[in-house]
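In: Quick one: sequence plus predicted model below, questions after.
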Amino acid sequence: MTISTFLKTSAAIIAVSGFATSAMAQNVEVLHWWTSGGEAAAVGVLKDDLATKGFGWDDMPIAGGGGSDAMTVLRARVVAGDAPTAAQMLGFDIKDWAGTTGKLGNLNAVAERDGWDAVIPEALQEFSKYDGVWIAAPVNVHSTNWVWINKSALDAVGGKAPESWDELIVVLDAMKANGITPLAHGGQAWQDATIFDAVVMGIGADFYQAAFIDLDPAALGGADMVKAFERMAKLRSYVDDNFSGRDWNLASAMVIEGTAGMQMMGDWAKGEFLKAGQVPGEDFICIRFPGTQGKVTFNSDQFVMFDQGGASEAQLAMAASVMDPVFQSAFNVVKGSVPARTDVPNTDFDDCGKKGMADFAEANANGGLYGSMAHGHANPAAIKNAIYDVVTAHFNGEYDSVTAAAELVDAVEIAR
C-alpha cells in the first residue's frame, strides 16, 4: 500500500470517527527522539495522517541518548507546567511517569471504543496501562536482537549467515582478513548494552530471565555472566578504533556503504537501509543474533498523552491514529519495526518485516518474548543505567570479565 493510498483510506475512516474534527485548527506538540533519516520518514507518516484530520503538528525532536536526553527535557517542561500534548516513551519510563507524577492522560474512551484490549499483546499492555487505565498508545514493537549484514561482504566470505556463536566468529574473522571493519558500532552506553542484551540471550533465555528480569545475584555475578563479558571483549576486537561517540545510524551507514560487514542493532536500523535504497536479501541480510533464534527481546515506542484538564480532541485523535490498523502497517513498513496490533496483515512488509512479524508471533505464543534490558523494558531506569555503566566500562577496557561480573552484582544492588 502506498502512503497516498493510506492517507485516503485514513481520511475515510476518520470521517466517521467520533473523534474527528473538520475545521478545528488545533495542533499537537509531540516530543520524540526520532531524528535519523529513516525515523524522520516514519514520523512523516503520522504527521500526514493527522493533517487529514485537521490537526497540525508542532515537532519537538530531541536527538541522542537513546531517549534519555528527551526524558531530561520532558521532565524539565512538566515541572515548569508546560507539558507537551504527547511524548514518545519506552517501558518503565511510562510506569515511572504514571506512578510518580499523576500527569498522564486517560485514553480509555478511545481504547474501549476501538477494542485495544483484544489486539495488543499482554506484554505490551504491561506498559500501556496503569491501574487499569490506558495511558499510552503503542505505535510499534521493536525487537533488539538483530544482526544486519552487508550481503556483498557476506558473499565474499562464503555467503552463509552465522547461526551460532562459533559461526559468527568465523565470519567476523574472515571479514577482518578481507580488510573491512567486521563490526560497525557506536561507542554509546545504550549501543553497548544493546549488543550485551543479545549476547546474554544467546547464552540462554533462562539466564537472561534470571539476570536481567529477576536480578538474581547468582546469575549477575556467575560463570555465565563472566562468559557473556568474555564474548563482549571478543566482539570489541572487531570494532574500529574510531567508534567512540558514533551515532547508531552512522554505524548503519558503514554497513550500507560496505566499509563494515555487520551491525548488531535493533530493527530501527532497517529504516536506514531502506532509505538508502537497499533491498533485503539483495543488498543486506537480516538475522537474529546467533543463539537467540525463537526468542525476541523487545521494546515498544509508545505515545503518552499529558493530562491537560481531560483528554483533548487532538489527543484522542492522535491516539486513534496511532492504533489504526492501516496506520500501523504504513508506519512500521517505513520504520523497520512491526505493528503493536496482532491483527495487522504482513502484506505490505518486505522480507525482513515479514520475518520480524513471524518471529514476534512465535515468541509471543511460546513464551519467548522478553522485555529488553537495554531499552528499558526489563527493569526501571536506575537499574538499567547501573548495568549500562558496568557494560560500557568493560567494553572500554576498564574491567576484565571477572571483575565486570562482580561489579555488576554490586551496581544492581546499589541501584535497587
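Out: It's in.

In: contacts, neighbours, all on C-alpha from now
Out: OK.

In: so what does the helix or strand encompassing Val304 touch, helix or strand wise?
Out: Using DSSP states H and E, the element containing Val304 is strand 301-305. Here strand 301-305 touches strand 86-90, strand 136-138, going by 3 or more Cα pairs under 8 Å, 6 or more residues apart in numbering; DSSP states H and E.

In: Which of the ones you listed has the highest mean neighbour count?
Out: Of these, the one with the most neighbours on average (mean count of other Cα atoms under 10 Å) is strand 136-138, at a mean of 29.

In: Direction included, what does that one pair against?
Out: Strand pairing for strand 136-138, determined by DSSP bridges: strand 301-305 (antiparallel).

In: circling back to that earlier point, nearest to Leu220, of the helices and strands packed on strand 301-305?
Out: strand 86-90 (23.9 Å; Cα to Cα).

In: coming back round to it: now the helices and strands packed on strand 301-305 as TSV including distance to Asp351 and mean pLDDT?
Out: Formatted as TSV, the helices and strands packed on strand 301-305 follow (distance: least, Cα to Cα, whole Å; pLDDT from 0 to 100):
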stretch	distance to Asp351	mean pLDDT
strand 86-90	26	93
strand 136-138	23	96
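
In: Make JSON lines from those strands and add distance to Glu167 to it.
Out: Shown next, in JSON lines, are the helices and strands packed on strand 301-305 (distance: least, Cα to Cα, whole Å):
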{"stretch": "strand 86-90", "distance to Glu167": "33"}
{"stretch": "strand 136-138", "distance to Glu167": "36"}
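
In: Any idea which of those strands gets closest to Glu163?
Out: Evaluated over the helices and strands packed on strand 301-305, closeness to Glu163 peaks at strand 86-90, with 30.0 Å, by Cα to Cα.

In: And the contacts of that closest one?
Out: 28-33, 67, 299-306, 315, 375-377 (Cα atoms under 8 Å, 6 or more residues apart in numbering).

In: likewise stretch 259-268?
Out: 38-39, 142-150, 153-154, 172, 175, 180-185, 191, 194-195, 251-252, 254-255, 289, 335-337.

In: repeat that for 7 Å
Out: Here stretch 259-268 makes contact (Cα atoms under 7 Å, 6 or more residues apart in numbering) with 142-150, 153, 175, 180-185, 194-195, 252, 254-255, 335-337.

In: Show me the helices in the stretch 201-350 of the chain, by range?
Out: 205-208, 217-221, 223-236, 248-257, 269-275, 313-323, 325-335 (DSSP state H, counting those that start in this stretch).

In: now the shortest one, how far from the chain's geometric center?
Out: To tie it back to what came earlier, the one meant is helix 205-208. Centre-to-centre, helix 205-208 and its host chain are 20 Å apart (Cα atoms, centre = their mean, to the nearest Å).

In: for stretch 112-127, same thing?
Out: Here the centre of stretch 112-127 is set off from its chain's centre by 19 Å, with Cα atoms, centre = their mean.

In: can you check stretch 408-416 too?
Out: On Cα atoms, centre = their mean, the centre of stretch 408-416 falls 25 Å from that of its chain.

In: helix or strand for Ala63, which one?
Out: For Ala63, there is no helix or strand it lies in under DSSP H and E.

In: What separation do you get for it and Ala70?
Out: According to Cα to Cα, to the nearest Å, Ala63 and Ala70 sit 7 Å apart.

In: Mutual contacts of these two, please.
Out: Common neighbours of Ala63 and Ala70 (Cα under 7 Å, 6+ apart) are Trp33.

In: more crowded one of the two?
Out: Ala70 (21 against 15; other Cα atoms under 10 Å).

In: For Thr52, which of the helices of the stretch 201-350 of the chain is the nearest?
Out: helix 313-323 (10.5 Å).

In: quick one: low-confidence ranges for the stretch 201-350 of the chain?
Out: Along the stretch 201-350 of the chain, the parts satisfying pLDDT under 70 run over 310-311.

In: got the domain boundaries for the chain?
Out: What the record gives for the chain is the domain set 3-142+299-358, 144-297+371-415, from automatic domain parsing.

In: buried sites along stretch 387-404?
Out: Going by neighbour count (16 or more other Cα atoms under 10 Å), the buried part of stretch 387-404 is 387-395, 399, 401-402, 404.

In: and of the helices of the stretch 201-350 of the chain, who's closest to Leu104?
Out: Nearest of the helices of the stretch 201-350 of the chain (Cα to Cα): helix 313-323, 11.5 Å.

In: what's the angle from that closest one to strand 86-90?
Out: Per axes from the mean of the first three to the mean of the last three Cα atoms, to 10 degrees, the angle that helix 313-323 makes with strand 86-90 is 40 degrees.

In: neighbouring contacts of helix 313-323?
Out: With Cα under 7 Å, 6+ apart as the test, helix 313-323 has contacts from 19-20, 26, 28, 50, 55, 85, 110, 137, 139, 305, 327-328.

In: Just the buried residues out of those residues, in PyMOL syntax.
Out: Buried residues among these (16+ other Cα under 10 Å), as a PyMOL selection:
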select buried, resi 19+20+28+50+55+85+110+137+139+305+327+328
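
In: Rebuild the contacts of helix 313-323 as a markdown table, extending it with distance to Gln263.
Out: Putting the contacts of helix 313-323 into a markdown table (distance: Cα to Cα, whole Å) gives the following:
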| residue | distance to Gln263 |
| --- | --- |
| Phe19 | 42 |
| Ala20 | 43 |
| Gln26 | 42 |
| Val28 | 35 |
| Leu50 | 34 |
| Phe55 | 38 |
| Thr85 | 35 |
| Val110 | 39 |
| Ala137 | 30 |
| Val139 | 25 |
| Met305 | 34 |
| Phe327 | 29 |
| Gln328 | 26 |
